[in-house]
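A.B. asks: Predicted model and sequence follow; I will ask about them next.
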Amino acid sequence: MAFCSPHTTTSLRSPCTTIPNSGFRQNQVIFFTTRSSRRSNTRHGARTFQVSCAVEQPIVIGLAADSGCGKSTFMRRLTSVFGGAAEPPKGGNPDSNTLISDTTTVICLDDYHSLDRTGRKEKGVTALDPKANDFDLMYEQVKAIKEGKAIEKPIYNHVTGLLDPAELIQPPKIFVIEGLHPMYDERVRELLDFSIYLDISNEVKFAWKIQRDMAERGHSLESIKASIEARKPDFDAFIGTAFLPTNHNKCFP
Ligand SMILES: Nc1ncnc2c1ncn2[C@@H]1O[C@H](COP(=O)(O)OP(=O)(O)OP(=O)(O)O)[C@@H](O)[C@H]1O
Ligand SMILES: O=C(CO)[C@H](O)[C@H](O)COP(=O)(O)O
């Protein structure tokens with residue numbers, strides 16, 4: 001299940017098309033409309049929408065969920081709805097977590113880990129603990145993008161567990177920050193125009209995480225299970241629905 005909420009933003013007022021009878025007020029941001037401002041149905045019955053806002057400033061979307069809940073998968077699909085296939089930065093670090101399409105750049109907030117895998121082990125903290133993340137840098141860089149400035153964003157390498165040299169990110173039309181903590185820091189939360197929370201049951205997310213971490217990140221089954229157990233208290237403390245913005249509405253069944 002996913003939850004999402006629109007946020008009012010001055011940059012998007014006039015040029016946006018709104019969805020009739022959607023319940024959203026004129027000055028709230030609506031990202032999804034059909035080509036003629038009418039809803040359409042896919043053959044599966046799901047509604048599809050097209051972005052129609054002509055913006056001067058990047059729209060910032062926060063996508064939160066625990067590890068393995070499908071954030072990257074969801075964003076790959078959403079960016080193709082926004083326009084163009086999403087791909088890693090051309091000629092850059094092959095282990096970059098960033099996806100770029102014609103309209104959208106998706107960055108992974110794991111890149112703001114301040115402690116690498118060894119550092120977290122030594123300090124006895126998980127990646128979910130705010131102490132393992134640099135929220136000051138996250139805030140400064142999201143703000144810079146929103147102001148139309150390029151950033152040199154660090155990279156957390158999931159293959160090696162190390163912090164790699166930074167990559168250059170240019171301001172896109174739509175900037176998505178996906179990860180564990182897009183809504184944890186109040187300053188970052190204030191920069192979001194729209195937020196989404198993927199609320200996946202433990203049974204499903206752990207199954208997805210195990211197959212992904214074994215196949216793509218080289219972890220053993222035992223180490224993944226140990227990590228899942230170690231992370232449970234921090235998930236409740238720092239990630240769950242408690243950190244959603246107060247105006248967060250359930251909008252996907
Ligand atoms: N809707 C889905 N149906 C089936 N499998 C899915 C779905 N969404 C994600 N998965 C699978 O779950 C695994 C984890 O997905 P993904 O990498 O997108 O999660 P994530 O939230 O981005 O994880 P992390 O934060 O750890 O990088 C992947 O192997 C993916 O194929
Ligand atoms: O919670 C996570 C989000 O992806 C990861 O576990 C965290 O980023 C640490 O990564 P790794 O397990 O590859 O060291």
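C.D. replies: Arrived safely. Ligands and ions are numbered 1, 2, ... in the order given.

A.B. asks: And the helices in the stretch 151-253 of the chain?
C.D. replies: Secondary structure of the stretch 151-253 of the chain (DSSP state H, counting those that start in this stretch): helices located at 186-191, 202-216, 221-234.

A.B. asks: Please convert those helices to JSON lines, extending it with mean neighbour count and mean pLDDT.
C.D. replies: The way it works is simple: take the backbone N, C-alpha and C, and place the C-beta from them, glycine included. Shown next, in JSON lines, are these (neighbours: other C-beta atoms under 10 Å; pLDDT from 0 to 100):
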{"stretch": "helix 186-191", "mean neighbour count": "16", "mean pLDDT": "95"}
{"stretch": "helix 202-216", "mean neighbour count": "15", "mean pLDDT": "93"}
{"stretch": "helix 221-234", "mean neighbour count": "14", "mean pLDDT": "92"}
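
A.B. asks: would you turn those helices into TSV with distance to ligand 2?
C.D. replies: Shown next, in TSV, are those (distance: least, C-beta to the nearest ligand atom, whole Å):
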stretch	distance to ligand 2
helix 186-191	16
helix 202-216	7
helix 221-234	7
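
A.B. asks: Compare those and report which one is nearest to ligand 1.
C.D. replies: Ligand 1 lies closest, by C-beta to the nearest ligand atom, to one member of the helices of the stretch 151-253 of the chain: helix 202-216, at 3.1 Å.

A.B. asks: that older thread, rebuild the helices of the stretch 151-253 of the chain as a markdown table, extending it with distance to residue 71.
C.D. replies: Listed next are those as a markdown table, based on distance: least, C-beta to C-beta, whole Å:
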| stretch | distance to residue 71 |
| --- | --- |
| helix 186-191 | 16 |
| helix 202-216 | 11 |
| helix 221-234 | 15 |
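
A.B. asks: Residue 131: which of those is closest?
C.D. replies: Among the helices of the stretch 151-253 of the chain, the nearest to residue 131 by C-beta to C-beta is helix 221-234 (10.3 Å).

A.B. asks: next one: that closest one to chain centre, how far?
C.D. replies: Relative to its chain's centre, helix 221-234 lies at 22 Å (C-alpha atoms, centre = their mean, to the nearest Å).

A.B. asks: Over to stretch 72-86?
C.D. replies: Here stretch 72-86 is found 12 Å from its chain centre; the criterion is C-alpha atoms, centre = their mean.

A.B. asks: go on, stretch 175-189?
C.D. replies: 7 Å.

A.B. asks: If you count neighbours, what's buried in that stretch?
C.D. replies: Buried residues in stretch 175-189, defined by neighbour count with 16 or more other C-beta atoms under 10 Å: 175-185, 188-189.

A.B. asks: Start and end of it, how far apart?
C.D. replies: Distance between the two ends of stretch 175-189: 14 Å, counting by C-alpha to C-alpha, to the nearest Å.

A.B. asks: Over stretch 130-137, what's the mean pLDDT, rounded is fine.
C.D. replies: The pLDDT scores in stretch 130-137 average 97.

A.B. asks: Give me the below-cutoff pLDDT ranges for the stretch 1-150 of the chain.
C.D. replies: Within the stretch 1-150 of the chain, the stretches with pLDDT under 70 are 1-55.

A.B. asks: Close to ligand 1: what parts of it are there?
C.D. replies: Neighbours of ligand 1 within the stretch 1-150 of the chain, by C-beta under 6 Å from any ligand atom: 65, 67, 68, 69, 70, 71, 72, 73.
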